[in-house]
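Student: got a predicted model here, sequence first, then my questions.
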Amino acid sequence: VQSALIRLQNPPDCRHAKKLLCHLNYRGCGLGCLMEHTSYCLITALATRRVLVLSEKPWIYSSLIIKQFFAPVSSTCTDFEGPVKKTYEVSTNETARLVEYISDDWRLIA
């Protein structure tokens, strides 16, 4: 599992890799909820063969950027650029290079 995680999250060409952007700043979402959401994002990224990129927006309850408390999943591909497709469902046959996962269970803080 670890070797698959390392291989999928460290593509040879980060600029052209498919990525999944996940946010960690939902209203009404405490620390446990954020851990669950982050786990879901990682599983989704692995299942859809995408690099997981966590948002740098601060947590609603403080000025902390939750992503800073995690070791990066990728050592070579940690940011994103370009057009983003927002979606509630991420599928393996999605052609967009950058997909932003928006959960309908939580309200994202803009």
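Tutor: That came through fine.

Student: quick one, phi psi at the most centrally placed residue in the chain?
Tutor: The centroid of the chain falls nearest to C22 when counting by CA atoms, centre = their mean (3.2 Å). In terms of degrees, to the nearest 10, the main-chain angles of C22 are phi -120, psi 140.

Student: likewise L46?
Tutor: Dihedral angles (degrees, to the nearest 10) for L46: phi -70, psi -40.

Student: so who does it touch?
Tutor: By CB atoms under 8 Å, 6 or more residues apart in numbering, the contact set of L46 is 4-5, 8. (Each C-beta comes from the backbone N, C-alpha and C, glycine too.)

Student: I'd like the distance between it and R7.
Tutor: L46 sits at a distance of 10 Å from R7 (criterion: CB to CB, to the nearest Å).

Student: how many other residues sit next to H37?
Tutor: By other CB atoms under 10 Å, 20 other residues sit near H37.

Student: low-scoring pLDDT stretches of the protein, where are they?
Tutor: 103-110 (pLDDT under 70).
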